Structure formats: C-alpha cells, structure tokens
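Asks: Model the following, please.
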Amino acid sequence: MPKFNYVALDQRGNETKGTFEVASQNDAIGRVKDMGLFPVKIVEADKDTGKGKGGKKAAPAPKAAGKGGKKGVNINIKIPGMGSGVKPKVLTTFTRQLATLVDAGLPLLRGLRVLEKQEKNAALKEILGKLAVSIEGGSTFSEGLAQHPKVFNRLFVNMVKAGELGGVLEVVLKRLAEFSEKAQKIKGKVKAALFYPIAVMFVAIGILLLLMVFVIPKFKEVFAGMGVQMPGFTLFVMAMSDMIKNNILETLGVVVFIVVAFMLFIKTKFGRLLWDKTQLKLPAVGPVISKVAISRFTRTLGTLVSSGVPILQALTIVKETAGNVVIANAVSKIHESVKEGETITAPLEGSGVFPPMVCSMVDVGEQTGAMPEMLMRIADDYDEQVDNSVAAMTSLLEPIMIVFLAVVVGSIVIAMFLPLIAMINSLSGDDSSKGGG
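Replies: As a prediction, the model looks like this:
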C-alpha cells in the first residue's frame, strides 16, 4: 500500500506533518479530515521530492470545502504572468462563476478549464489557461494572484488568502463577487447622473464655437455694410468671436494645456488632497461623493473582517482602496489607533469625515462583537442614500444646465439683435419726424 506525506493545519492555524499508508490520495485526504485538520498538501511519499512523474511537481491536496466535508478546490496555485486588459465587469462575472463551481464541489482545476473554454474575453481566457497550468505546479491561489496587482488588487488577494486558510474559498469568492457588483452598481449610478450635465456642457461648448466661428462673422459683415452703430455688448461678443476665429489653434492649445496641467496637478500629493477635499465640498455632487466613499469604506472593511482578514491588515487594504485621500488619511489614523490597542471609534469621530450615525453604529459593533455585520448594515444604508442623493442631484442639475445653456445661447442672440433693434428704432424715429413735418 502506498505511503502519502501530508501537510495540514489545525483549527489554530498550526502546521502538522505526517505520513499515511492508504490506497489513494483521496483516502489520505479523508484521513486528514477525520483528524479535524485542514489538508494543505498531500503527496505520495516516493514523489515528495517536489517532482512527480515526468519531472512535474506533485499536485497539492484538494481544499476542504466550507460545507459538510465535501471536496473543494486545490489551494496551492501559482499564476505565471497575467497583465491587464480585464474589465471589472468581466472579472466579477468570472469570480461569480468560479464561486458557483467551487461551491458545487468541482475541483478548482476543472472549474478553471470549464470557464476557460466558455470565456470570450481574450485576456481573461489566456489568464485562465495559465491558472490551470500553474495549479498542476503548486503554490497557493493567493500567492499567484498577488503577482498581478493590475488585475487582482490587495482586497481580492487577501480575501482569497483568508478563504484558503479558513477553508471557505467558495464563500469568499461569493463575497468578492457581491462586493464588486455593488461597487459597480453605485459607480454606474453616479456616472449616469453626471452624464447629463457633462453632455449638456459639451453641447453648449459646441454651439458656442459654432456661433462664434461661423454665425457672428456673418452678422458682422451685414452690420458693417449697413453702417449701423453697435452697442458695447455686441462689440464685446464680436471681439470674442474674432479672437476665437483668428486664434482657433491657440485657443484649443490653451484648453488642452489647462486640462493637462490640471491632470498633472491632481497627480501630485498636495494636488490630489486638495482635489479630493474640493470634491467632498462641491454643492449637489459633494454629498454623493461623500456617501459613496463611506459606503465603500464600510463595505470593504466589513467584507475583509468577515472573511477572516486581521483588522490591521484589513485597514491597510481599505486605505489603499479608499479612492479618496481624505478618507485614506482618516483610515491611516484609525490604523495607528488600533495598532496602539485603542478602539476604532475615537479616531473615526476625530476625522471629521464620518457622520455621527456611522461612528455610533461602529461603536455599537465594537462593544457587541458584531463589527462586520454592523459595517455591512452601514454600507447597505449608505447605498440607499446614494440612490436618493443621485436622484436628487439629477433633478437639481437638469434645470440648472438648461438655464445655463439658455443664458449662453440667449446672450449671443441678444447681442446680435441689439443693433437691429437700434436700427429699427432709428428708422421709426426718422419716419415720425418726416410725418410730423
């Protein structure tokens, strides 16, 4: 009967090694589970030199599933190279599908092969092929993911690592998929709300350029031929038209320079901080951005802690994925406070970023030991508030942009009609004087 060497973890995470004489690797896995251990690696004794048949590394043991002792996924995986090109929506779909397959008891290798065959995204298809090949070579899933931070951020990697250690990879994958879906949903709503004012702004700029470059010069020629004395406002608009028409390249250059300078400025540490502070204080838009940031903070922290990631490590990840320097600085202070053995609530209140309701709920969560659940409740509540704020912002911005467009176009139209009105008035005065004579 063949011998199998095993490496396993107990409930406290301590590593245990040993050898069994059993008929197959599956029997060895069953023996390890019966001992109340979590199998990390199980290989045949004569192959435990790191190489199996044909010079290949021996495959690791399948992971214990999170439900009822059924077989789960292999936890030792290494991804070679993966590159970017995978959109968040595609990655979310992949995560959801992989979670479903793993939860159904399908080994990770087979699950990846199935997803590879049906995947339409070329970049992800290549990634899945490399993942499947690397499973046969060994190393953990999280280690492989960590090699490709452009596709899998630290949130993804650390949650997978926690799922591996806790034997609940399928649960963690589901949480990751749900987290990503909700984040994309909120982001999509904010984008949709901002699309209308941005579209109106571009239309206004287009109309303004059309009037300035083509329409106003025609009026200028007509007025010059008629010898009409033009009001000051009309002369100002015509001067602006001449400047834009005669210096169109320079005007576009100035616009491009301003945009590029702004983008470079917000990439600096000071510029990014100033811009993020400004965003939070903007009328109408600021409250939405603030609520999105708070929702993201609480959902990310709650998801990480509930998945078994240590609180200090979770706070570091939250800081890196905050998306707003003001929030990130507040999280950094919370991290230092927790590191010193203090609570989360005090620095949360002192940051001035988080509303009293959020601080109170976090305080209750700390005292009752239900921090993850409380954080997720806050996130759900703020998701609803974002929905309401987006609707209110849209209803407020629509009339503002319509009035803005009307004022811009209307001002130019009035400027062009003022000389005509003056000319009509002068003609009427001449006719009246002649009639009186």
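Asks: For residue 249, the count of nearby residues, please.
Replies: 8 (other C-beta atoms under 10 Å). The C-beta positions use only the backbone N, C-alpha and C, and glycine is treated the same way.
Asks: Check which helix or strand it maps to.
Replies: Here residue 249, judged by DSSP states H and E, is contained in helix 248-265.
Asks: What are the boundaries of the strands in the stretch 51-200 of the chain?
Replies: Assigned by DSSP state E, counting those that start in this stretch, the strands in the stretch 51-200 of the chain fall at 62-64, 71-74.
Asks: tell me which strands and helices whichever helix in the chain runs longest is in contact with?
Replies: Selection of the longest helix in the chain by residue count, based on DSSP state H, yields helix 371-436. Using 3 or more C-beta pairs under 8 Å, 6 or more residues apart in numbering; DSSP states H and E as the contact test, the elements touching helix 371-436 are helix 169-210, helix 216-226, helix 232-246, helix 285-306, helix 356-368.
Asks: ok, the closest residue to residue 379 other than its chain neighbours - contacts?
Replies: Leaving out its chain neighbours, the residue that sits closest to residue 379 by C-beta to C-beta, 6 or more residues apart in numbering is residue 299, at 3.7 Å. Each residue near residue 299 by C-beta atoms under 8 Å, 6 or more residues apart in numbering is listed here: 179, 182-183, 375-376, 379.
Asks: which of those has the most neighbours?
Replies: residue 375 (25 neighbours).
Asks: what's the pLDDT at it?
Replies: In this model, residue 375 is scored at 90, pLDDT.
Asks: Relative to residue 346, how far out is it?
Replies: According to C-beta to C-beta, to the nearest Å, residue 375 and residue 346 sit 17 Å apart.
Asks: still on that earlier bit, starting at the chain centroid, how far to the longest helix of the chain?
Replies: Distance, stretch centre to chain centre, for helix 371-436: 32 Å (C-alpha atoms, centre = their mean, to the nearest Å).
Asks: pLDDT (mean, whole number) over stretch 322-330?
Replies: So the average pLDDT for stretch 322-330 ends up being 85.
Asks: what sits up against it?
Replies: With C-beta under 8 Å, 6+ apart as the criterion, stretch 322-330 contacts 272-273, 276-277, 279-280, 289, 293-294, 296-297, 319-320, 331, 347-348, 351, 353-354.
Asks: Below-threshold pLDDT in the stretch 301-437 of the chain: ranges please.
Replies: Of all residues in the stretch 301-437 of the chain, those with pLDDT under 70 make up the ranges 429-437.
Asks: 90 instead?
Replies: Within the stretch 301-437 of the chain, the ranges that satisfy pLDDT under 90 run 301-360, 362-363, 365-373, 376, 379-380, 382-437.
Asks: Give me the buried positions along the helix or strand hosting residue 328.
Replies: Here residue 328, judged by DSSP H and E, is contained in helix 325-339. Buried residues in helix 325-339, counting neighbours by 16 or more other C-beta atoms under 10 Å, are found at 325-332, 334-335, 337-338.
Asks: Could you export those as a markdown table, including distance to residue 390?
Replies: Shown next, in a markdown table, are these (distance: C-beta to C-beta, whole Å):
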| residue | distance to residue 390 |
| --- | --- |
| 325 | 23 |
| 326 | 21 |
| 327 | 19 |
| 328 | 23 |
| 329 | 26 |
| 330 | 24 |
| 331 | 25 |
| 332 | 29 |
| 334 | 28 |
| 335 | 31 |
| 337 | 33 |
| 338 | 33 |
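Asks: before we move on, the earlier item: with only the CA atoms kept, save the helix holding residue 328 in CSV.
Replies: Taking Å, rounded to 0.1, in the frame of the first residue of the first chain, the C-alpha atoms of helix 325-339 are listed here in CSV:
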residue,chain,number,x,y,z
VAL,A,325,-7.1,60.8,0.0
VAL,A,326,-9.2,62.4,2.8
ILE,A,327,-10.8,59.0,3.6
ALA,A,328,-7.4,57.3,3.3
ASN,A,329,-5.8,59.7,5.8
ALA,A,330,-8.7,59.1,8.2
VAL,A,331,-8.2,55.3,7.8
SER,A,332,-4.5,55.7,8.4
LYS,A,333,-5.2,57.4,11.8
ILE,A,334,-7.6,54.6,12.6
HIS,A,335,-4.9,52.1,11.8
GLU,A,336,-2.5,53.8,14.1
SER,A,337,-5.1,53.9,16.9
VAL,A,338,-5.9,50.2,16.6
LYS,A,339,-2.2,49.4,16.4
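Asks: pLDDT score assigned to residue 97?
Replies: Predicted confidence (pLDDT) for residue 97: 85.
Asks: What distance do you get for it to residue 114?
Replies: Taken as C-beta to C-beta, the span from residue 97 to residue 114 is 9 Å.
Asks: just residue 411 next, same as before
Replies: Counting by C-beta to C-beta, the separation of residue 411 from residue 114 is 63 Å.
Asks: out of those two, which sits in the more crowded spot?
Replies: Counted by other C-beta under 10 Å, residue 411 and residue 114 do not tie: residue 114 has more neighbours, with 16 against 12.
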